[in-house]
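Q: following is a predicted model, sequence given first.
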Amino acid sequence: MADTYDEGLPNEDGLMPTTLEGVMAKTKKDFGELRESFIRLKPLINLEDDLKIVHTAEAILQGSQETREYQIRRNNEELESLQETLREARQAARRPATAGTEAEYEDQLAKLIEDVYSGSKRKQVQEDLMTKKQMAIKESEEENKQAKEWNVEKEVVKDNSKARRLKAFTDLGLRLLDSDAEGILITTQNDIDQVKLDKDQSDFYKTTTIWNKINAIL
């Protein structure tokens with residue numbers, strides 16, 4: 001009696017392969033389809049160009065930050081100069097002819113204080129953006145490294161269930177959303193359903209939610 005394997009995918013007639021030879025033939029076919037899909041998608045993935053864009057944005061952001069730091073230093077210098085002039089004017093018996101009134105100096109002082117505060121806030125925002133950009137660059141570089149090192153043939157040979165699962169998900173109409181895989185798009189003949197995935201959700205919750213949607217379709 002031939003060995004049987006009851007976890008294969010349906011063949012072209014919609015029947016489950018029941019022999020080892022049938023399963024091997026089905027796996028080979030699935031691998032071929034997966035390899036063709038990878039070959040079609042590979043030219044569309046260009047992480048090096050994306051990294052160049054991120055590096056360029058980082059350089060522009062760095063220049064903007066340096067400009068703001070320079071402006072803050074100038075504001076501080078002007079603030080100190082005005083404070084000193086105000087102190088001298090208050091102490092003098094007669095104010096210099098070129099000096100403004102005390103109210104004018106106080107208005108200028110208040111404006112400079114506001115400018116310094118606003119500049120500091122902008123600097124903090126820029127620093128936060130820079131940190132996020134650096135993290136994004138690091139993640140992109142790691143993803144680029146993993147993409148270059150990934151061997152699809154080795155992965156599928158090591159665990160051909162991945163190819164079968166990918167084929168099954170595709171047949172069921174499942175697609176990852178383009179926005180950082182934040183959800184699953186389930187497409188059927190009559191409807192399109194979107195399942196949002198939150199990073200804070202547990203894997204059990206995500207799996208249960210997706211399969212509940214699939215069961216509702218089947």
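A: Cool, the structure landed.

Q: where does the prediction get shaky in the protein?
A: 1-25, 42-47, 50, 92-102, 143-144, 146-195, 214-218 (pLDDT under 70).

Q: now the helices: where do they sit in it?
A: For the chain, helices defined by DSSP state H occupy the ranges 20-41, 47-91, 102-149, 152-158, 161-171, 203-217.

Q: let me have the ones you listed in TSV, extended by mean neighbour count and distance to Lys196.
A: In short, each C-beta sits where N, CA and C put it, glycine included. TSV is the format used below for those (neighbours: other C-beta atoms under 10 Å; distance: least, C-beta to C-beta, whole Å):
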stretch	mean neighbour count	distance to Lys196
helix 20-41	15	24
helix 47-91	13	25
helix 102-149	13	21
helix 152-158	13	28
helix 161-171	16	18
helix 203-217	12	9
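
Q: could you dump the ones you listed to TSV with distance to Leu197?
A: Listed next are the helices of the chain as TSV, based on distance: least, C-beta to C-beta, whole Å:
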stretch	distance to Leu197
helix 20-41	21
helix 47-91	23
helix 102-149	18
helix 152-158	23
helix 161-171	14
helix 203-217	6
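
Q: can you list the neighbours in contact with stretch 55-63?
A: Gln126, Leu129, Met130, Lys133, Gln134, Ile137 (C-beta atoms under 8 Å, 6 or more residues apart in numbering).

Q: and of those residues, the nearest to Val54?
A: Nearest to Val54 out of the contacts of stretch 55-63 is Ile137 (C-beta to C-beta; 5.3 Å).

Q: okay, the closest one and Thr56: tell me how far apart.
A: Distance, Ile137 to Thr56, by C-beta to C-beta, to the nearest Å: 11 Å.

Q: what of Trp211?
A: Taken as C-beta to C-beta, the span from Trp211 to Thr56 is 43 Å.

Q: repeat that for Glu69.
A: For Glu69, the distance to Thr56 - C-beta to C-beta - is 21 Å.

Q: what's the domain layout of this structure?
A: 47-149, 160-217 (automatic domain parsing).

Q: I'd say Thr85 and Gln108 touch.
A: No: counting by C-beta atoms under 8 Å, Thr85 stays clear of Gln108, with 9.6 Å between them.

Q: phi, psi for Ser202 please.
A: phi -70, psi 160 (degrees, to the nearest 10).

Q: name the nearest residue to Tyr105, sequence neighbours excluded.
A: Excluding the flanking residues, the one nearest Tyr105 by C-beta to C-beta, 6 or more residues apart in numbering is Leu86, at 4.6 Å.

Q: distance-wise, check the one you found relative to Glu106.
A: Distance from Leu86 to Glu106, by C-beta to C-beta: 8 Å.

Q: Tyr70 too?
A: Distance of Tyr70 to Glu106, given as C-beta to C-beta: 26 Å.

Q: and Asn212, by the same measure?
A: With C-beta to C-beta as the criterion, Asn212 and Glu106 are 67 Å apart.
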